[in-house]
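# Just the structure for this:
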Amino acid sequence: MTCRIEDYALIGDCRSAALVASNGSIDWLCWPRFDSHACLAALLGSRENGRWLIAPKDETARISRRYRDQTLILETRFETDSGAVTLTDFMPPLSANPTIIRLVVGERGSVDLHLDLILRFGYGAIVPWVTRLEDGTLRAVAGPDMVLLRTPVNTKGENLTTVGTFTVGAGEMVPFLLIYLPSHAPLPPAVPPQSELEATERFWRAWASKCRPAGPWSAYVERSLITLKALTYAPTGGIVAAPTTSLPEQLGGGRNWDYRFCWLRDATLTLLTLMNAGFHEAAQAWNEWLLRAVAGSPEQIQIMYGLAGERRIIEWEASWLSGYEGSRPVRIGNAAHRQLQLDVYGEIVDAAHHARRSGLAMHASGWAVQLALLDHLAQIWQEPDHGIWEVRGSPQHFTHSKVMAWVAFDRAIKSAEMFGFDGPVDGWRQLRADIHADVCARGFDPEIGSFVQHYGSRHLDASLLLLPAVGFLPIHDARVHSTIAAIERHLLVDGLVARYDTGTLVDGLLAGEGAFLACTFWLADVYVFQNRGSDAIRLFKRLISLCNDVGLLSEEYDPRSDRLVGNFPQAFSHLALVNTAFNLTLVTRPIEQRAPPESKKPEFVP
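This is a model prediction of the structure:
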């Protein structure tokens, strides 16, 4: 039976990641990078396409799980009538080769368990050749990829599956190590699993100890930041949006996208969140990744890149896969990387401005590249684009896109004035004024009393909640106030915010999806800005109640089926959670960081 998305927990080594179901099955794993073809399991819960199950034979076992405090070490406890065992899952961050270690420790009595390992590469399409080495190690090879299984448990091959049974008594420990390496590489020496566990625990606790507290929400903030660290590709500093592909935004539908890439539109929020939380080195690594990724011709800028800054992200469909709960197609790669999305220009310049202000970057860092980007933006800002939601329908003049073009010139002006940079500031001031006037004239509908999704439409869009946050208009502006009220009336679904009305077909897909969690966090932020503290806290409590039992969030939540949907865990959701928690608890709130000084300051005191 397919597990629900919220039944999974994340383990990772800051190079790759795996999802572990509450029943003890690893159902998704990519090595050595998130977008690698060396994919152990092609889809969550799909036995035909790969999994690694370690569980009691007694299917009535009672299950509980948790992360060890301040770590990404997962502990799943199985209670049976005959005894209890704990399955500890982790990936050592400092290992020479990406490795999953699973330790089964007896707590009381004795428990009979079974192993079921189905190795498949290439998204379930490739069955490897498995042999047993002299020391008992199982070696599975398929072209460039090799996986080793080291365990004292006797295993055998059965119907292209590795199976085994074993018993664990109180005080006993049975280890399993699954190691990935190129098939041409020499075999690595054996490592003591207990030492690896201790080193992994020290690594995560040392990192988490830097986390800035957030009052009553500190545990949620810490777990979110550990998750973001796990989604970071350590060699480059890039942060992947999610470690999965094609987990549906609409169960059984076609809103299935590959999120194993780095989006530029997350740049400023990522930078500010990491800095506010106390992780300046991580923020600096992200900023340096951003500068490297966008370097080049302005005409060739993309809205997303690979973890090392790769630009070729060709989208194709794995037609042999039926998809999660029948949600097809299963997409590998993301065609949206070719889209024009004007908002990313604002994100790049805004992030660079804040990096300089905070001392994360040299004052002149990337300025020449930004001059070229701004020159290009001056020529194209009046063009339609695909917008923040990457619609696959016709390009439109999206209001949020124009606002972020305004942000690009606004932050360029501020950087020039603050740091004495050379640039066509007078021309930027005129462009800033022109864009502002254009948005206010064409993006606001006086009949419905709201800004609209795109020029000429009468539809709402949750991205409009960001207008005061980026400083386009102050929170007390009547048009902002009425837009927020309109979103509350028309985009709230069971108290959560939808991105937009998918029934408008602006995205070219069939209607229907869950509520977008980041958008709901944005509404809570707006409530703080409006001095509606009790509304903000009420909404934030609702949102954190949607975290699964180990504190993780996906991209969306479907209130009709009471389920998390979309790729999981989702960096954008966890970034938004941390940001809102700090808005509720810090005296200097993150929501004020991007707004201009003349904006009205909120009176709400946490």
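# who's in contact with residue 110?
82-83, 167-170 (CB atoms under 8 Å, 6 or more residues apart in numbering). (Glycine included, C-beta is placed from N, CA and C.)
# Make a markdown table from those residues and add distance to residue 534 and neighbour count to it.
Converted to a markdown table, the contacts of residue 110 look like this (distance: CB to CB, whole Å; neighbours: other CB atoms under 10 Å):
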| residue | distance to residue 534 | neighbour count |
| --- | --- | --- |
| 82 | 51 | 14 |
| 83 | 49 | 20 |
| 167 | 55 | 15 |
| 168 | 51 | 24 |
| 169 | 54 | 13 |
| 170 | 51 | 14 |
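# Let's see which of those residues end up in strands.
Counted as lying in strands by DSSP state E, out of the contacts of residue 110, are 83, 167-169.
# want to throw those into TSV with pLDDT and distance to residue 543?
Listed next are the ones in strands among the contacts of residue 110 as TSV, based on pLDDT from 0 to 100; distance: CB to CB, whole Å:
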residue	pLDDT	distance to residue 543
83	98	39
167	98	44
168	98	39
169	98	44
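# Identify the farthest-apart pair in those.
83 and 167 (9.4 Å; CB to CB).
# residues shared between the contacts of these two?
110-111.
# how about low-confidence regions in the stretch 251-400 of the chain?
Applying pLDDT under 70 to the stretch 251-400 of the chain flags the ranges 362-363.
# Show me the strands in it, by range?
Secondary structure of the stretch 251-400 of the chain (DSSP state E, counting those that start in this stretch): strands at 262-263, 304-305, 316-317, 331-332.
# which strands and helices sit next to the third one?
In this case it means strand 316-317. Judged by 3 or more CB pairs under 8 Å, 6 or more residues apart in numbering; DSSP states H and E, strand 316-317 is in contact with strand 331-332.
# I'd like to know the beta-bridge partner residues of residue 29.
Beta bridges link residue 29 to residue 18, residue 41 when assigned by DSSP bridges.
# after the helix or strand of the chain with the lowest mean pLDDT, next one along is what?
Lowest mean confidence among the helices and strands of the chain (mean pLDDT, DSSP states H and E): strand 38-41, at a mean of 49. Sequence order places strand 51-56 as the next helix or strand after strand 38-41, per DSSP states H and E.
# what's the average pLDDT for that following strand?
Per-residue pLDDT over strand 51-56 has a mean of 95.
# Tabulate the CA atom coordinates of that strand in CSV.
Taking C-alpha atoms only, strand 51-56 is exported to CSV below (Å, rounded to 0.1, in the frame of the first residue of the first chain):
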residue,chain,number,x,y,z
ARG,A,51,12.7,0.1,-2.0
TRP,A,52,14.6,-1.0,1.1
LEU,A,53,12.4,-2.3,3.9
ILE,A,54,13.6,-3.3,7.4
ALA,A,55,10.7,-4.2,9.6
PRO,A,56,9.3,-6.7,12.1
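# which residues are contacting it?
By CB under 8 Å, 6+ apart, strand 51-56 touches 23-27, 29, 40-41, 45, 61, 78, 80, 85, 87, 100, 102, 104, 111-118, 176, 178.
# Strand partners (parallel or antiparallel) of that strand?
strand 25-31 (antiparallel), strand 99-118 (antiparallel).
# Out of those, which is closest to residue 261?
strand 25-31 (12.6 Å).
# what's the distance between the closest residue to residue 367 other than its chain neighbours and residue 374?
Nearest residue to residue 367, sequence neighbours excluded (CB to CB, 6 or more residues apart in numbering): residue 421, at 5.6 Å. Separation of residue 421 from residue 374 (CB to CB, to the nearest Å): 11 Å.
# Repeat that for residue 332.
34 Å.
# hey, which of the strands of the stretch 251-400 of the chain is tucked in deepest?
When you average the neighbours per residue for each of those (mean count of other CB atoms under 10 Å), strand 262-263 leads with a mean of 26.
# any idea how far it is from the chain center?
9 Å (CA atoms, centre = their mean, to the nearest Å).
# Also stretch 447-458?
With CA atoms, centre = their mean, you get 30 Å for stretch 447-458.
# Check what pLDDT the residue lying farthest from the centre of the chain gets.
Note on the chain: the largest C-alpha distance from the chain mean falls to residue 134, namely 42.0 Å (CA atoms, centre = their mean). Looking at residue 134, its pLDDT is 93.
# tell me the SS of it?
Of the three states, residue 134 takes coil under DSSP: H, G, I helix; E, B strand; the rest coil.
# on that earlier part again, what would the strands paired with strand 51-56 look like in CSV with distance to residue 589 and mean pLDDT?
Formatted as CSV, those follow (distance: least, CB to CB, whole Å; pLDDT from 0 to 100):
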stretch, distance to residue 589, mean pLDDT
strand 25-31, 36, 87
strand 99-118, 40, 97
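# Serialize the ones you listed to TSV and add fields for distance to residue 212.
Formatted as TSV, those follow (distance: least, CB to CB, whole Å):
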stretch	distance to residue 212
strand 25-31	31
strand 99-118	31
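# Pick the most buried one from these.
The most buried stretch of these, if neighbours are counted by mean count of other CB under 10 Å, is strand 25-31, with a mean of 25.
# picking that back up, quick check: of the ones in strands among the contacts of residue 110, which lies closest to residue 161?
residue 167 (20.7 Å).
# quick one on the thing from earlier: which one of the strands of the stretch 251-400 of the chain lies nearest to residue 494?
Residue 494 lies closest, by CB to CB, to one member of these: strand 262-263, at 27.2 Å.
# Show me which helix runs longest in the protein.
helix 399-419 (DSSP state H).
# same for it, what does it pack against?
Against helix 399-419 (3+ CB pairs under 8 Å, 6+ apart) you get helix 343-358, helix 367-380, helix 425-442.
# and the first one, what does it pack onto?
Packing contacts for helix 343-358, counted by 3+ CB pairs under 8 Å, 6+ apart, involve helix 267-277, helix 280-294, helix 367-380, helix 399-419.
# and of the ones you listed, who's closest to residue 249?
helix 399-419 (19.2 Å).
# buried stuff in the closest one?
For helix 399-419, burial by neighbour count (16 or more other CB atoms under 10 Å) applies to 399-416.
# again with stretch 528-541
Those would be 528-533, 535-537, 539-540, for stretch 528-541 by 16+ other CB under 10 Å.
# returning to what we had before: which one of residue 421 and residue 374 is surrounded by more residues?
A count of neighbours by other CB atoms under 10 Å puts residue 374 above the other of residue 421 and residue 374, at 23 against 17.
# ok, for the more buried one, nearest residue in space, not its chain neighbours?
Using CB to CB, 6+ apart, the nearest residue to residue 374 is residue 412, at 5.5 Å.
# before we move on, the earlier item: let's verify the residue nearest to residue 367: helix, strand, or coil?
Classified using three-state DSSP, residue 421 is coil.
# Next, format the helices and strands packed on helix 343-358 as TSV and append distance to residue 256.
Compiled in TSV, the helices and strands packed on helix 343-358 are given as follows (distance: least, CB to CB, whole Å):
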stretch	distance to residue 256
helix 267-277	24
helix 280-294	25
helix 367-380	30
helix 399-419	24
